[in-house]
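Student: sequence isn't available, so here's the structure alone:
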């Protein structure tokens, strides 16, 4: 459902969300960025890049992009239960609980 301001037009947040969806779709079509992403993962893996981050002070062994994606999914789906497996230092548990 699209809400409008008095006088017509999409609300600013709806316009923002549509622009975001359009840019995400366009990013997905960029083969050169896909290759750069693979190179990034390969080249940073030797430095254990995913081990460099925390969530609310607890180590979380995930990429920052994945951390953001997880919280966005939890917020939009609002599941009754989230099951965390492979707990190392508790950062993922704290993320899911927060």
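Tutor: Alright, I've got the coordinates. Every value quoted in this text rests on a predicted model; they were computed, and no experiment measured them.

Student: all contacts plus neighbour counts: C-alpha atoms, from now on.
Tutor: Fine.

Student: just the strands in the chain please.
Tutor: 54-55, 58-59 (DSSP state E).

Student: center of the chain, which residue is that?
Tutor: Per CA atoms, centre = their mean, the C-alpha nearest to the average position across the chain is that of residue 69, at 2.0 Å.

Student: now do that one, the pLDDT please.
Tutor: In this model, residue 69 is scored at 92, pLDDT.

Student: how much space between it and residue 47?
Tutor: As for residue 69, its distance to residue 47 is 23 Å (criterion: CA to CA, to the nearest Å).

Student: ok, residue 96 next?
Tutor: For residue 96 relative to residue 47 (CA to CA), the value is 26 Å.

Student: then residue 26?
Tutor: 30 Å.

Student: any low-confidence regions in the chain?
Tutor: Where the chain drops to pLDDT under 70, the residues are 1-9.

Student: quick one, helices of it?
Tutor: 12-27, 31-45, 64-77, 91-97 (DSSP state H).

Student: which helices and strands sit right next to the third one?
Tutor: Other elements packing on helix 64-77 under the criterion 3 or more CA pairs under 8 Å, 6 or more residues apart in numbering; DSSP states H and E are helix 91-97.

Student: contact partners of the helix it packs on?
Tutor: With contact meaning CA atoms under 8 Å, 6 or more residues apart in numbering, helix 91-97 is reached by 54-61, 67, 71, 74, 82, 84, 87.

Student: Produce a ChimeraX select command limited to the buried residues of these.
Tutor: In ChimeraX, this line selects whichever of those come out buried by 16 or more other CA atoms under 10 Å:
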select :54,55,59,60,61,67
